[in-house]
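Engineer: following is a predicted model, sequence given first.
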Amino acid sequence: MEKPLSVAVAAVVRDGKILMIRRERGDYTGYWALPGGKVEQGEHVSESAEREILEETGLETDFVSYEGIVSEIFGDKQFMLHVVELEAEGAEIAGGDEGDVKWMGFESVEEEKVVPSDRKIISQVLQGSGGYFECLMAESDGEHSVESFDLKGRGFQD
């Protein structure tokens, strides 16, 4: 297994809806996901999240808070998912090379084809009280599932 890849995962909430992107490539092609991407060398997580949202949706955002971290293992890959909350400066969004984007109601997250670990991030990290989580993902016949998603510690104080 290679060393873990640091990824900024952004939660942008507006009018009771969360910003989601339908992935056009990678492990989760065709799934709706929280937007984000890898943290580049010399870049802070907050900067990475703001940059990725701009690149993927055309939306300008401002960093609000660090919500938690998820250590996700999927096959022979490991990701350190830094979950941050961003505030949108507007509401107009546009898809790009990564896929279509939309504002999705929280109730729709359970009904739509959403990356299973992102569904857990939304319900347990964002709507919970944050913290450190360990996630083990699985794939069978092209379908992805969460084998485990466990809170290991809180530790975030206001």
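Structural biologist: Yep, that arrived. Numbers count the residues shown, from 1 in each chain.

Engineer: show me the contacts for F63.
Structural biologist: 46, 49-50, 84-86 (CB atoms under 8 Å, 6 or more residues apart in numbering). All C-beta spots, glycine's among them, are computed from the backbone N, C-alpha and C.

Engineer: redo that, cut-off 7 Å
Structural biologist: By CB atoms under 7 Å, 6 or more residues apart in numbering, the contact list for F63 reads 46, 49-50, 84, 86.

Engineer: in helices, which of those residues fall?
Structural biologist: Under the assignment DSSP state H, these contribute 46, 49-50 to helices.

Engineer: V101: which of the contacts of F63 is nearest?
Structural biologist: L86 (13.9 Å; CB to CB).

Engineer: looking only at pLDDT, what's the mean for stretch 76-87?
Structural biologist: Stretch 76-87 shows a mean pLDDT of 95.

Engineer: you'd agree K152 is up against C135?
Structural biologist: No: counting by CB atoms under 7 Å, K152 stays clear of C135, with 10.6 Å between them.

Engineer: in the longest strand along the chain, what counts as buried?
Structural biologist: In the chain, taking DSSP state E as the definition, the longest strand is strand 61-74. In terms of neighbour count (16 or more other CB atoms under 10 Å), strand 61-74 has its buried residues at 61, 63, 67-70, 72-74.
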